[in-house]
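Enquirer: Sequence and predicted structure are below.
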Number of protein chains: 2
Amino acid sequence: MKIKKEVTIYDLAKELNYSPSTISRALNNHKSISKKTIKLIKEAAEEMGYRPNNLAAGLRNNKSNTIGVLISRINRPFMASLISGIEETARKSGYNVLISQSNDKYENEISNCNALYDSRITGLVVSLSMETVDMGHFQKFIDKGIPIVFVDRVPDNFNSYKVVIDNYTAGYSATKHLIEQGCTRIAHFAGAQHRNVYEERKKGYLDALRENGLPIEEDLIIHFKTLSFEEGNKATKKLLKMSNPPDGIFSANDTAAVSAIMCAKKMGVNVPQDLAVIGFNDDPIASIVQPSLSTVSHPASKMGAISARRILDHSGQNYDTDLSEITVLGTEIIVRDSSLKKVHTLETK
Amino acid sequence: MKIKKEVTIYDLAKELNYSPSTISRALNNHKSISKKTIKLIKEAAEEMGYRPNNLAAGLRNNKSNTIGVLISRINRPFMASLISGIEETARKSGYNVLISQSNDKYENEISNCNALYDSRITGLVVSLSMETVDMGHFQKFIDKGIPIVFVDRVPDNFNSYKVVIDNYTAGYSATKHLIEQGCTRIAHFAGAQHRNVYEERKKGYLDALRENGLPIEEDLIIHFKTLSFEEGNKATKKLLKMSNPPDGIFSANDTAAVSAIMCAKKMGVNVPQDLAVIGFNDDPIASIVQPSLSTVSHPASKMGAISARRILDHSGQNYDTDLSEITVLGTEIIVRDSSLKKVHTLETK
DNA sequence: ATAGGTAACGGAATCGATTGCGTAAATTTA
DNA sequence: TAAATTTACGCAATCGATTCCGTTACCTAT
């Protein structure tokens, strides 16, 4: 097996009778090299099949043109789209994307964090694990001037770039939508309250009830651990067996919302007539379940693109950039059948 | 903003009065360093907060302890699970994972391929884009002794590691299942025939028909471009409007299969009584659609894990490893409601 | 006691690109 | 035309880890 030798700037230098410095500068469009020489060198480089050694450049500059991504799980629709957005944006600028998943374990988040740090990433995009409370493991990036972009599941006690959606307004609007459809006893499937996204969605829910004169009943607020299908099933069963069951559910994710729909159907409860349901995320399953699930959509891929862009821009700029910049993206209530009480009422009249 | 200095093996050398060589060897458990010294050095390294510089090591060794992943799209359930499996396995061995998506464009596949090559990845995991026919862009990896693992969508004209499922048998079994359920006119939603997975699934379908004495009708074989929801809808409509419509569909993926179910329902065709449907992949939507979709499941995450393992093992071994090793994993027919004609017939009697 | 062997470590080159400093030639200015 | 710039480039150190060759000191066998 023949191992072909790689072309380096030294090979180019020898071939063209220039010094390696000139070659390097020419390839980087340094201003102190004449246009002619740059053209000459670049053409020769192309012809000889020169390809820059990122490792060498990285060693010298102590960075690697690589964006690190630290998330809970890759195989979730939201996360996959997020990564997709990061990757597309990064690659257009010649950056690589390094991924790692914590599986929602604090411990994994720390070790992955260290591994990425050691890899001299240019910047880090993070969506916090479910367990994470302490932010200590991120400090070293700040100390080194490496930008961190928190996305979706962000901390509130750590100053850095953030890309989020307006979870409060989304929660408020989703709940308001159910109210407008005639619901008066609306349950909420809430996520872990130390994660901003779930806390704010719940706040929105609560305020929507208050501002519309509906009482808040603690029995109707179910706190989930993982918002899984199984948990959703159990919670729905419990709710529907109450002497005074809810007539609406706002779930903090689609998985649990779908389980609620399917569970209700199995129990003979009509959706949306007896129980209107709205979820969160607009996962593919939302448009497949019957009745189709109303939900809140957010631009996952765009969030990824913006996160990557933050890092790319940060690296191009001077150091004292404002790290605290927060990007808030809008959401949209996607009305499908699972919440359309009114229209349905009209139709059946 | 204080920038903390990184600890290097030279710092350790100075501190402990050893040479950098010894430090390096000790940290790598080289046999020519005494146990005592190794212990001493490792403890000091730990205490001083030493972290190896992968870039420096990578430059020297011309590789980076990084596995490159080249796939079509991240945000597909199969691909996300695949990456998840790769990442978990790689990280356990201290390897990083670099991802890139081609969006099923040949051109992107080439440029991503080059970018990964330039990043000195230790090995490459590839699932071919829909368009790829020529394999030239992969040759340089072979020339360099960098292992490539093709997974799922693999080439048949390129000698390298492969991790696949038995698509032929899966296609055969899925079709056979429909036959056993009483279907006699089974349509097939086929994917691009230059991709092994779709070609073999179709072959299995054809042989199942033949071996069970059913005629092959070209009208019932629809060749899809992307097996999308929209394409599935259109194809289903066309099939059901035939004077002699099919009573079963074997779709090469779940997306199209689900669209068939939903389309049939809308057209007043009963699933599975009038039209039995079976898909492929066991995506989340398969268990959500009603009637739930029978399908073929394959171990996406495990395929990723095995692919990563191939690369890790290859790097540990001597050079003349057998590159042509092919791993074939089993699949499973998941029987749900969309194909259960017989049982349903019994129930309704 | 001496040749031969081994265990334990050090010197210094190497990987490839970058960059501060220096310099010769070309150009402009006075 | 001499002086002052400017242009265009070279020299050599640097980033941090690895590794091929040594080189001691100590041990063993004859």
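Expert: Nice, thanks for sending it over. Remember, predicted model here, so these are calculated numbers, not experimental data.
Enquirer: The residue in the stretch 201-349 of chain A that DNA strand C sits nearest to: which element?
Expert: Going by C-beta to the nearest atom of the strand, DNA strand C is nearest to residue A:315 of the stretch 201-349 of chain A, at 12.5 Å. In short, each C-beta sits where N, CA and C put it, glycine included. Take DSSP states H and E as the rule and residue A:315 turns out to sit in helix A:300-316.
Enquirer: Output the set of residues of chain A in proximity to DNA strand C.
Expert: A:6, A:8-10, A:20-21, A:23-25, A:27-28, A:50, A:52-53, A:56-57, A:59-61 (C-beta under 7 Å from any atom of the strand).
Enquirer: For the residue of the stretch 201-349 of chain A closest to DNA strand C, which residues are in contact?
Expert: For residue A:315, the contact set (C-beta atoms under 8 Å, 6 or more residues apart in numbering or on different chains) comprises A:122-123, A:147.
Enquirer: how near is the closest residue to residue A:94 other than its chain neighbours to residue A:252?
Expert: Leaving aside its sequence neighbours, residue A:94 sits nearest to residue A:65 (C-beta to C-beta, 6 or more residues apart in numbering or on different chains; 6.4 Å). Look at residue A:65 and residue A:252: by C-beta to C-beta, to the nearest Å, they are 37 Å apart.
Enquirer: now swap in residue A:131 and tell me
Expert: On the measure of C-beta to C-beta, residue A:131 and residue A:252 end up 17 Å apart.
Enquirer: likewise residue A:70?
Expert: 22 Å.
Enquirer: Of those two, give the one with the bigger neighbour count.
Expert: residue A:252 (31 against 26; other C-beta atoms under 10 Å in any protein chain shown).
Enquirer: Which positions in the stretch 1-150 of chain A make contact with DNA strand D?
Expert: Residues of the stretch 1-150 of chain A lying near DNA strand D (C-beta under 7 Å from any atom of the strand): A:17-22, A:32-34, A:37, A:56, A:59-60, A:62.
Enquirer: and the residues you listed, which are buried?
Expert: A:18, A:22, A:33, A:56, A:59 (16 or more other C-beta atoms under 10 Å in any protein chain shown).
Enquirer: What are the boundaries of the strands in chain A?
Expert: Ranges of strands in chain A, per DSSP state E, are A:66-71, A:96-101, A:123-126, A:148-151, A:161-165, A:186-190, A:221-223, A:248-251, A:276-278, A:295-297, A:326-329, A:332-334.
Enquirer: Could you export those strands as CSV, including mean pLDDT?
Expert: Putting the strands of chain A into CSV (pLDDT from 0 to 100) gives the following:
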stretch, mean pLDDT
strand A:66-71, 97
strand A:96-101, 97
strand A:123-126, 97
strand A:148-151, 97
strand A:161-165, 97
strand A:186-190, 98
strand A:221-223, 98
strand A:248-251, 98
strand A:276-278, 98
strand A:295-297, 98
strand A:326-329, 96
strand A:332-334, 98
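Enquirer: ends of stretch A:25-39, how far apart?
Expert: One end of stretch A:25-39 sits 12 Å from the other (C-alpha to C-alpha, to the nearest Å).
Enquirer: Next: stretch A:121-129.
Expert: With C-alpha to C-alpha, one end of stretch A:121-129 sits 20 Å from the other.
Enquirer: Next, report how far that stretch is displaced from the centre of its chain.
Expert: 10 Å (C-alpha atoms, centre = their mean, to the nearest Å).
Enquirer: and residue A:137, how many neighbours?
Expert: Neighbour tally, residue A:137, other C-beta under 10 Å: 17.
Enquirer: typo on my end, residue A:139
Expert: Using other C-beta under 10 Å, residue A:139 has 11 other residues around it.
Enquirer: Check what pLDDT it gets.
Expert: Looking at residue A:139, its pLDDT reads 94.
Enquirer: dump the residue contacts of residue A:33.
Expert: Residue A:33 touches A:22, A:25-26, counting by C-beta under 8 Å, 6+ apart.
Enquirer: same thing but 10 Å
Expert: A:18, A:21-27, A:41 (C-beta atoms under 10 Å, 6 or more residues apart in numbering or on different chains).
Enquirer: Does residue A:290 touch residue A:261 like I think?
Expert: Yes - at 8.0 Å, residue A:290 counts as touching residue A:261 under the criterion of C-beta atoms under 10 Å.
Enquirer: any common contacting residues for those two?
Expert: Listed contacts common to residue A:290 and residue A:261 are A:271, A:337-338, B:288; contacts here mean C-beta under 10 Å, 6+ apart.
Enquirer: Need those residues in a markdown table (columns: neighbour count).
Expert: Shown next, in a markdown table, are the shared contacts of residue A:290 and residue A:261 (neighbours: other C-beta atoms under 10 Å in any protein chain shown):
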| residue | neighbour count |
| --- | --- |
| A:271 | 25 |
| A:337 | 18 |
| A:338 | 27 |
| B:288 | 26 |
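Enquirer: Put the alpha carbons of stretch A:226-245 into CSV.
Expert: Taking Å, rounded to 0.1, in the frame of the first residue of the first chain, the C-alpha atoms of stretch A:226-245 are listed here in CSV:
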residue,chain,number,x,y,z
THR,A,226,-38.6,13.6,31.3
LEU,A,227,-41.8,14.4,29.5
SER,A,228,-41.8,10.9,28.0
PHE,A,229,-44.5,9.0,26.4
GLU,A,230,-44.9,6.7,29.4
GLU,A,231,-45.1,9.5,31.9
GLY,A,232,-47.6,11.2,29.7
ASN,A,233,-49.8,8.2,29.6
LYS,A,234,-49.8,7.8,33.3
ALA,A,235,-50.5,11.5,33.9
THR,A,236,-53.4,11.5,31.4
LYS,A,237,-55.0,8.5,33.0
LYS,A,238,-54.8,10.1,36.4
LEU,A,239,-56.3,13.3,35.1
LEU,A,240,-59.1,11.8,33.3
LYS,A,241,-60.1,9.7,36.2
MET,A,242,-60.6,12.7,38.4
SER,A,243,-64.1,13.5,39.5
ASN,A,244,-63.8,16.8,37.8
PRO,A,245,-61.4,16.2,34.9
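Enquirer: do that stretch and chain B meet?
Expert: Yes - counting by C-beta under 10 Å from any C-beta of the partner chain, contacts between stretch A:226-245 and chain B involve residue A:229.
Enquirer: buried sites along that stretch?
Expert: Buried-residue list, stretch A:226-245, by 16+ other C-beta under 10 Å: A:227, A:229, A:231-233, A:235-236, A:239-240, A:245.
Enquirer: and which of these is nearest residue B:177?
Expert: residue A:229 (25.8 Å; C-beta to C-beta).
Enquirer: how about stretch A:253-265 against chain B, any contact?
Expert: Yes - interface with chain B: stretch A:253-265 contributes A:254-255, A:258-259, A:261-262, A:265 (C-beta under 10 Å from any C-beta).
Enquirer: Which one of the residues you listed is nearest to DNA strand D?
Expert: The closest of the residues of stretch A:253-265 next to chain B, once distances to DNA strand D are taken by C-beta to the nearest atom of the strand, is residue A:255, at 44.0 Å.
Enquirer: Where does pLDDT dip in the stretch 201-349 of chain A?
Expert: A:316-323, A:343-349 (pLDDT under 70).
Enquirer: Near chain B, which residues of it? Just list them.
Expert: A:229, A:254-255, A:258-259, A:261-262, A:265, A:283-293, A:300-301, A:304, A:319-320, A:323.
Enquirer: before we move on, back to that, same list as before, the shared contacts of residue A:290 and residue A:261 that is, but in a markdown table and with distance to residue A:108 included.
Expert: A markdown table is the format used below for the shared contacts of residue A:290 and residue A:261 (distance: C-beta to C-beta, whole Å):
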| residue | distance to residue A:108 |
| --- | --- |
| A:271 | 38 |
| A:337 | 39 |
| A:338 | 35 |
| B:288 | 29 |
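Enquirer: Nearest to DNA strand D, out of those residues: which one, please.
Expert: residue B:288 (49.1 Å).
Enquirer: Which residues are in contact with that closest one?
Expert: Residue B:288 touches A:229, A:254-255, A:258-259, A:261-262, A:283-290, A:293, B:258, counting by C-beta under 10 Å, 6+ apart.
Enquirer: Those, buried ones only, as a PyMOL selection?
Expert: This is the PyMOL syntax for the buried subset of the contacts of residue B:288, where burial follows 16+ other C-beta under 10 Å:
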select buried, (chain A and resi 229+254+255+258+259+261+262+283+284+285+286+287+288+289+290+293) or (chain B and resi 258)
